[in-house]
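**Q** How does the following fold in three dimensions:
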Amino acid sequence: MFKRIIDDRLVTRAHALLATAGLLAVAACSPPPAAMPDDASAAPVAEAPAAEQEAPLPSAEEVLEKSVAAVGGRALLDSIESYYSESKMEVASQNISASTKVWWKKGDFYSETDMPGLGVTKMWGSGGEMWGEDPINGWRKLDGAEARQAQWTTTLSLVADWKRFFSSAETVGRREHEGMTLIDVLMKSDDGDEMTLSFDAESGLLRQQQFKQESPMGLMPITVDIEDYEDYGGMKHATRLVANMAVIEAVTAVTKFEVNVEIDEAKFKPEEPKKPDAAKKAKK
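**A** Numbers count the residues shown, from 1 in each chain. Have a look, this model is predicted:
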């Protein structure tokens with residue numbers, strides 16, 4: 001029973017993280033976040049110098065637009081109709097690794113995460129509906145908060161398309177982190193979802209996200225630091241992310257990213273497992 005609980009947590013955490021990492025790699029934004037975690041695992045927020053605390057904060061719209069420009073601009077994002085990416089996640093302390101592949105086209109997507117020793121986790125998104133299949137929970141259709149958060153991951157750029165998912169965005173603070181001045185933007189939806197993204201005040205790039213991931217196990221606090229970006233045809237794309245989930249630290253590296261690739265739309269249709277033939281089952 002104890003091993004089952006550990007496996008369940010690792011599969012769910014890895015799936016959530018890799019889904020986040022795959023889409024962050026494209027748009028330098030985060031999927032299923034919600035407000036800053038209040039647990040002890042969250043990194044302490046450094047106090048900004050008094051002079052900076054007194055300086056007026058830029059508006060959320062200004063911060064978000066600067067970030068869109070920093071990754072390449074709206075025109076470039078609008079020109080991307082599909083992408084394919086590969087990434088690898090490692091949890092060194094647990095000797096765990098997983099590889100993820102993501103296919104995305106005009107909002108629909110399919111992803112598969114292979115974790116040796118545990119199996120393959122799959123997720124489909126088509127027409128605004130979400131399905132998943134993993135070794136612990138089996139095949140199921142996602143609904144409620146879990147489905148809403150999964151939908152966030154289908155957008156090419158959550159920062160550019162935030163109004164599709166949230167009703168308000170507010171700049172809530174300025175702080176120092178890892179030698180950078182970060183500006184925190186809190187977003188809220190009419191459904192009660194919240195999400196905080198932190199941007200480098202100088203470059204405009206998203207550098208940190210703190211959220212609670214909705215999962216079959218309940219809310220899971222996660223803090224993600226985006227450490228590196230690379231340029232792909234004029235578009236900046238996150239390539240190294242470090243996520244802290246309670247006592248686990250997972251490092252995700254994007255190893256491949258291609259845009260405007262040919263993808264068969266059949267890829268996005270969920271593959272519900274076939275039920276055993278009743279006659280064959282009766283004979284057994």
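**Q** low-confidence ranges in the stretch 101-250 of the chain?
**A** Counting by pLDDT under 70, the stretch 101-250 of the chain has low-confidence residues at 153-154, 214-218.
**Q** Apply 50 and report the result again.
**A** Within the stretch 101-250 of the chain, no range satisfies pLDDT under 50.
**Q** which stretches of it form helices?
**A** Applying DSSP state H, counting those that start in this stretch to the stretch 101-250 of the chain gives helices spanning 144-152.
**Q** How about residue 231, nearest residue that isn't a chain neighbour?
**A** Among residues not flanking residue 231 along the chain, residue 237 sits closest, at 7.5 Å (C-beta to C-beta, 6 or more residues apart in numbering). Using the backbone N, CA and C atoms, a C-beta is placed for each residue, glycine as well.
**Q** does the one you found really touch residue 254, like I thought?
**A** Yes. Using C-beta atoms under 8 Å, residue 237 is in contact with residue 254, at 7.2 Å.
**Q** and residue 65, which of the three is it?
**A** Secondary structure assignment for residue 65 (DSSP: H, G, I helix; E, B strand; the rest coil): helix.
**Q** count of residues packed around residue 191?
**A** 11 (other C-beta atoms under 10 Å).
**Q** quick one, what contacts it?
**A** The contact partners of residue 191, by C-beta atoms under 8 Å, 6 or more residues apart in numbering, come to 145, 148.
**Q** Give me the distance between it and residue 163.
**A** Distance of residue 191 to residue 163, computed by C-beta to C-beta, to the nearest Å: 15 Å.
**Q** My read is that residue 225 contacts residue 242, right?
**A** Yes. Counting by C-beta under 8 Å, residue 242 is a contact partner of residue 225 at 4.8 Å.
**Q** out of these two, which sits in the busier spot?
**A** Remark: of residue 225 and residue 242, residue 225 carries more neighbours, 18 against 14, as counted by other C-beta under 10 Å.
**Q** The residue nearest to residue 231: how many residues sit nearby?
**A** Each residue near residue 237 was counted by other C-beta under 10 Å, and the total is 22.
**Q** quick one, strands of the protein?
**A** Applying DSSP state E to the chain gives strands spanning 82-91, 96-105, 108-115, 119-126, 129-134, 138-142, 168-177, 180-188, 194-200, 206-215, 218-232, 235-245, 248-259.
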